[in-house]
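Asks: dropping the sequence and predicted coords here.
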Amino acid sequence: MVQTTEHTYHGPWRRLVNSAAQTVGSIHDDEAAKKSGFEGGFVPGSTVGTLALTSVFDRYGPRWMEGGWYSLTFVSPIYVHNDVRAVGEPVPGSDDLSVRVETVEGRVCCSGRAGLGDSLPWDPAQDGGRGAEGVLPGVPLGLEYEEVEFTLTTDDLRVNADAAGDDAPWYREASPWGGSVVAPERLMVVALRMRPPQPLPYEGVRQPGMWYKHELRLRRPLLAGTAYRMGNRIADKGRSGRTVFLTYEFTIKDADGTELAVGRHGVKWFGADATA
């Protein structure tokens, strides 16, 4: 049961689905994850993010789809046996919302912030300034990917929503804008599947990689069954503690070339020199 007060949103406890469990060698694969010292395969970040955003839509409603942003950081893994919920709390002194996904034991798995407006939820001035010159030498900053066209179906959206236990009707049937709305986190999946224009050597890191951050600024809702175009580039890389990170930035445009959304997703690895 959802509990909403004037100050805080608490979503229902639920278990998430690892919809990427069959991706052999990824962090979602039990065997690969256990080799890296984890309990098992991670529930995908797009599923965790979809759950986190339930608090955002509870707070802002349709307004968010017409001009909103969020930034989510994945703090610790969620496994299929974890009971988790989304929590949203107003940020004092602003109209922003602090969001998180937590376990019954109180472990924070995902945390972030969301709000209305056209501001970017990241600072481009930081790009390349956190040790970029010392990591992933074969992965050039600014590398542009070939733009692709994509169309998402209601079935595509249902997979993501079902995995997160999100029963919002917008993703399954008519919405205030006509057809089914594309869940924002589904865009991260589209971006992740884009292929670079050349083979990239991921040197100096230990596989598998892990999503660690999702960020998005949305200007207009995207609809199922409509063709859009996505561009992608490598925006940032560097080192943070024992990990090496790589950040991709994507843009989404309609058939007329109008920008509808810009987002970032980041992957991190343990550095090859990191100790357990």
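Replies: Okay, I see it. Predicted model, so just to flag it, every value in this text is computed and none were measured.
Asks: what are the contacting residues of stretch 263-275?
Replies: Residues from elsewhere that reach stretch 263-275 (C-beta atoms under 8 Å, 6 or more residues apart in numbering): 36, 45, 122, 135, 187-188, 191-192, 202, 204-217, 235-236, 239-240, 242-250, 252. Just so you know, the C-beta spots here come from the backbone N, C-alpha and C atoms, and that holds for glycine as well.
Asks: show me what the spatially most central residue of the chain bridges to in the sheet.
Replies: Against the mean C-alpha coordinate of the chain, by C-alpha atoms, centre = their mean, the closest residue is residue 214 at 3.5 Å. Note on residue 214: beta-bridge partners by DSSP bridges are residue 72, residue 265.
Asks: tell me how far it lies from residue 233.
Replies: Remark: distance between residue 214 and residue 233 (C-beta to C-beta, to the nearest Å) = 17 Å.
Asks: mind giving me the packing neighbours of the helix ranked longest in the chain?
Replies: Secondary structure of the chain per DSSP state H: the longest helix is helix 45-60. Helices and strands touching helix 45-60, by 3 or more C-beta pairs under 8 Å, 6 or more residues apart in numbering; DSSP states H and E, are strand 9-10, strand 68-74, strand 84-90, strand 97-103, strand 108-116, helix 154-164, helix 186-192, strand 205-218.
Asks: give me the angle between it and strand 205-218.
Replies: Between helix 45-60 and strand 205-218, the angle comes out at 30 degrees (axes from the mean of the first three to the mean of the last three C-alpha atoms, to 10 degrees).
Asks: use 55 as the first number for this chain going forward.
Replies: All right, first residue 55 from here; so that's helix 99-114.
Asks: helix 99-114 to helix 208-218, inter-axis angle?
Replies: Per the same axes, to 10 degrees, the angle that helix 99-114 makes with helix 208-218 is 90 degrees.
Asks: doesn't residue 69 make contact with residue 158?
Replies: No - counting by C-beta atoms under 8 Å, residue 69 is not a contact partner of residue 158; they are 10.7 Å apart.
Asks: same drill for the two, tell me which one is more crowded.
Replies: Using other C-beta atoms under 10 Å, the more surrounded residue of residue 158 and residue 69 is residue 69, with 13 against 10.
Asks: which residues sit in contact with that one?
Replies: Listed by C-beta under 8 Å, 6+ apart, the contact partners of residue 69 are 134-138, 219.
Asks: which two among those are spaced furthest apart?
Replies: 135 and 219 (14.5 Å; C-beta to C-beta).
Asks: more neighbours, the two?
Replies: residue 219 (20 against 8).
Asks: for that one, which non-adjacent residue is spatially closest?
Replies: residue 68 (4.2 Å; C-beta to C-beta, 6 or more residues apart in numbering).
Asks: check residue 79 too.
Replies: residue 86 (5.2 Å).
Asks: and for residue 200?
Replies: Once flanking residues are discounted, residue 200 sits nearest to residue 251: 6.0 Å by C-beta to C-beta, 6+ apart.
Asks: check contacts around that neighbour.
Replies: With C-beta under 8 Å, 6+ apart, residue 251 has these contacts: 197-200.
Asks: picking up where we left off before, could the helices and strands packed on helix 99-114 go into JSON lines alongside mean pLDDT and distance to residue 114?
Replies: Compiled in JSON lines, the helices and strands packed on helix 99-114 are given as follows (pLDDT from 0 to 100; distance: least, C-beta to C-beta, whole Å):
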{"stretch": "strand 63-64", "mean pLDDT": "95", "distance to residue 114": "11"}
{"stretch": "strand 122-128", "mean pLDDT": "98", "distance to residue 114": "6"}
{"stretch": "strand 138-144", "mean pLDDT": "98", "distance to residue 114": "10"}
{"stretch": "strand 151-157", "mean pLDDT": "98", "distance to residue 114": "8"}
{"stretch": "strand 162-170", "mean pLDDT": "98", "distance to residue 114": "6"}
{"stretch": "helix 208-218", "mean pLDDT": "89", "distance to residue 114": "18"}
{"stretch": "helix 240-246", "mean pLDDT": "95", "distance to residue 114": "18"}
{"stretch": "strand 259-272", "mean pLDDT": "94", "distance to residue 114": "11"}
